[in-house]
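Peer 1: Sequence first, then the predicted structure:
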Amino acid sequence: AVSPLALTVLSVPDTGRPADWSKAIGAFGFKVAATPQDVSVGDIVTLRMEISGKGHRVGMVPPGVSPGRNFKAYDSKQVSDDGNTIIFEQVIIPQSTNAVSIPPVSFCFFNPLAGSYQTVRKGPFPLVFHEKTVRETNVYRPDESATEKPVGVGHALGRRRESIRRIAGILGVGVALALASAAVVRFMRRRWQPAITAVVASAAVCVASVWATQSGFLETDSARVTRELDARLAPSEAALPLFAIGKGTEVRVLEATRSWTRIRRGSDSGWVPTAFLAARDVEVDGSVAE
């Protein structure tokens, strides 16, 4: 028979315990990288912290840094753990050019083989600032030739509103004719069949008229782009560009303000200057298409 082994379990010592002990127990290596370090104010800097080795890591406090008032810092997040190496990332954003350096990052653990607490410190990480670059885009600047187009999307939207009023009028007249026909026939004490026929005939005339008008109305619901430009997230030239649109591209009109129109191209939608849109039946040079 095998004799049982007696184990002596020691507690982690209180003596010499640093305030920033991570609660990790074992033998570990610690690497830290900050990217990028050539930044502009407001750029995102990612602090990547890698802990490797064997030991007890349950309940371990993630490493991280509090860089000070010139930074905006978020909590560290674990991004991977393969059993031997665990990786954390922390997002840090410099708020001014006074944020010249990210302070050192430390990782403290208890090494049972050495019987002591050990702290590995990496950094600091200096930052170099440059002017923020802006991607060149086609900025909307109204010009005389654009604003004097006689037939553009604004004209088309006006036709659309006029068509809506026309449809409403036709519907009202059709319903009134149908009710009047039924009332007259019933008053004359005829059979119900002629009354039903009159109602159906009036309704058919109404539907046919609406269909004819609606066909023309739907045609004004699209437009052509008269120059290459960028569709934007909001009706402002300062808004984020979403996608580029080539000259002559046909787009769907969704809504419009005084100077901007929201359009759809395929599955994409965005805002473009109304001055650079023309009705679908107008060529991009402003002439009426045949």
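Peer 2: In hand now; what should we look at?
Peer 1: Tell me where the stretch 1-150 of the chain has helices.
Peer 2: Using DSSP state H, counting those that start in this stretch, the helices of the stretch 1-150 of the chain run over 144-147.
Peer 1: Go ahead and confirm residue 268 touches residue 245.
Peer 2: No. In this structure, residue 268 is not within contact of residue 245 by CB atoms under 8 Å, at 9.0 Å. The C-beta positions use only the backbone N, C-alpha and C, and glycine is treated the same way.
Peer 1: Mutual contacts of these two, please.
Peer 2: The contact sets of residue 268 and residue 245 overlap at residue 231 (CB atoms under 8 Å, 6 or more residues apart in numbering).
Peer 1: Counting neighbours, go ahead and name the busier of these two.
Peer 2: residue 245 (21 against 12; other CB atoms under 10 Å).
Peer 1: The more buried one against residue 229, yeah?
Peer 2: Yes. Residue 245 is within contact range of residue 229, at 5.9 Å (criterion: CB under 8 Å).
Peer 1: joint contacts of these two?
Peer 2: Residues touching both residue 245 and residue 229 (CB under 8 Å, 6+ apart): residue 272.
Peer 1: which SS state does the residue lying closest to residue 274 once chain neighbours are set aside fall under?
Peer 2: Distance criterion CB to CB, 6 or more residues apart in numbering; nearest residue to residue 274, sequence neighbours excluded, is residue 261 at 4.7 Å. Secondary structure of residue 261, reduced to three states by DSSP: H, G, I helix; E, B strand; the rest coil: strand.
Peer 1: What is the neighbour count of residue 231?
Peer 2: 21.
Peer 1: Tabulate the CA atom coordinates of the host helix or strand of it in CSV.
Peer 2: Counting by DSSP states H and E, the element that carries residue 231 is strand 229-232. Taking C-alpha atoms only, strand 229-232 is exported to CSV below (Å, rounded to 0.1, in the frame of the first residue of the first chain):
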residue,chain,number,x,y,z
LEU,A,229,-20.0,63.5,-55.3
ASP,A,230,-20.1,61.8,-52.0
ALA,A,231,-23.4,60.8,-50.2
ARG,A,232,-23.1,61.9,-46.5
